[in-house]
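Student: just coords:
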C-alpha cells in the first residue's frame, strides 16, 4: 500500500529513490523537481478532455472517460516504471497529491513496486523550497569587472574543495547582453529555482558558499528574492585584472561568433551606449578590429558594474589585484583573502 509523505521526507528519500512525475508533459516542461522522470497519466490532449468532462458532468464521468482514454497504455506505463525503479521503490507526485498520483501509485503497486506519494503534490514541494530560502547560509560573493575570469576562478575554487554554485551555468546565460551566445535555451524561471534549490540543498550552510556577483535577473530567469537578498548582504571580494588581459579574454571568448550575431547584440544595447557609438562598434567589428570593440564594450560594462556595486546593501568589499590570468593561482589568493572575514 502506498504511503503519503511530507515534502521534506520526499526530498530526503529522492537521494536514493527515483522520482516519477505523473503530470502531463506540458506541466512537466514548465517546471519539475530536478532529476524527476515524467510518466504522465494523461497526455496534454487527454488532460484537456478529462478536464472538460469533469466540469460538465462531474468526477465520476471524468474518471470513466480517463480510464477509456488510458486503459490500453497501462502496460507501457508499468514497463517504464520497472525500468526506473530502484530496489522496487518509486516516489510519485502529481500537482496536488490527488487522483493522478494515487491512480499511478495503485498501478505500480500491482506490479510489486513500493510507492511513496508526495502529500500535497508538486504544489507542496514548491511551497517547501520557497520557505527554505529563509534558512541562513554563509556566502562570499566574487565580484569584478567583465572579463576578469570570475567563472574560471569559481571553478578553480571548487577544485580546491570550496563550495560553489555556478549560477550562470544553471541559468544557461552569462549575465550580460552577450550572455546567451553559445548557450542552451534558458530554463523556465520555475525550473531555474528548482535546479538552484537542488544544488543549494546539498551545501553545508555553516561553511562559506562562493557565488559570482550577479544581478537578480540572469537573462530571462530571476534569482529568488531571499536568495538574492543574502547575496546582497554578503561580503564581496572584488578582483582586479589588467585592462589588457580583460580585452584579450573577451576577444578569445566572443570573436568566434559570427559578426551578424554580435552586431545584433550591439544594436540591442544601442539605446544605452548611444546609436553613434553602436554604429562605430559594428563597423569596427566587420573590420575585425576585435580588440577595439572589446575595449569600447568594457568601458560601458565597467560603468554598469560600478552602478550595480553602489546599489549593494553591504557597501564593504575587499579588493584583490590579480597578477595574471591563472585561475588556480588566483583561487588561492581568494582563499587567502577570506581569512580576514569573520
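Tutor: Done, it's in. Being a predicted model, the structure only gives us computed values, none of them experimental. Numbering: from 1, shown residues only.

Student: isn't residue 18 right up against residue 87?
Tutor: No. Residue 18 is not in contact with residue 87 according to C-beta atoms under 8 Å; the separation is 10.2 Å. No exception for glycine: its C-beta is placed from N, CA and C like everyone else's.

Student: between the two, which one's more packed in?
Tutor: residue 18 (18 against 9; other C-beta atoms under 10 Å).

Student: Spatially, what comes nearest to that one if we skip its sequence neighbours?
Tutor: In space, and not counting its chain neighbours, residue 18 is closest to residue 84: 4.9 Å by C-beta to C-beta, 6 or more residues apart in numbering.

Student: which phi and psi does the one you found have?
Tutor: phi -80, psi -40 (degrees, to the nearest 10).

Student: For it, give me its contacts.
Tutor: Contacts for residue 84 (C-beta atoms under 8 Å, 6 or more residues apart in numbering) come out as 18, 20, 37, 39, 90.

Student: These: which two are farthest apart?
Tutor: 18 and 39 (10.4 Å; C-beta to C-beta).

Student: State the distance from residue 327 to residue 234.
Tutor: Relative to residue 234, residue 327 is positioned 22 Å away (C-beta to C-beta, to the nearest Å).

Student: rewinding a little: out of the contacts of residue 84, flag the one nearest to residue 189.
Tutor: For these, the nearest to residue 189 is residue 37 (22.0 Å; C-beta to C-beta).

Student: Tell me the spacing between the closest one and residue 288.
Tutor: Taking C-beta to C-beta, one finds residue 37 at 48 Å from residue 288.

Student: More neighbours: these two, which one.
Tutor: residue 37 (16 against 11).

Student: Quick check: the more buried one touching residue 17?
Tutor: No. Under the criterion of C-beta under 8 Å, residue 37 makes no contact with residue 17, lying 11.8 Å away.

Student: Do a quick rundown of the helices in the stretch 1-150 of the chain.
Tutor: Secondary structure of the stretch 1-150 of the chain (DSSP state H, counting those that start in this stretch): helices at 7-13, 25-30, 44-57, 59-70, 74-84, 99-109, 121-132, 150-159.

Student: any chance of these in CSV, plus distance to residue 303 and mean pLDDT?
Tutor: Output for these, formatted as CSV (distance: least, C-beta to C-beta, whole Å; pLDDT from 0 to 100):
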stretch, distance to residue 303, mean pLDDT
helix 7-13, 43, 97
helix 25-30, 37, 97
helix 44-57, 47, 93
helix 59-70, 58, 91
helix 74-84, 52, 97
helix 99-109, 52, 95
helix 121-132, 35, 97
helix 150-159, 18, 98
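
Student: Now do the contacts for residue 100.
Tutor: Each residue near residue 100 by C-beta under 8 Å, 6+ apart is listed here: 22, 23, 41, 42, 94.
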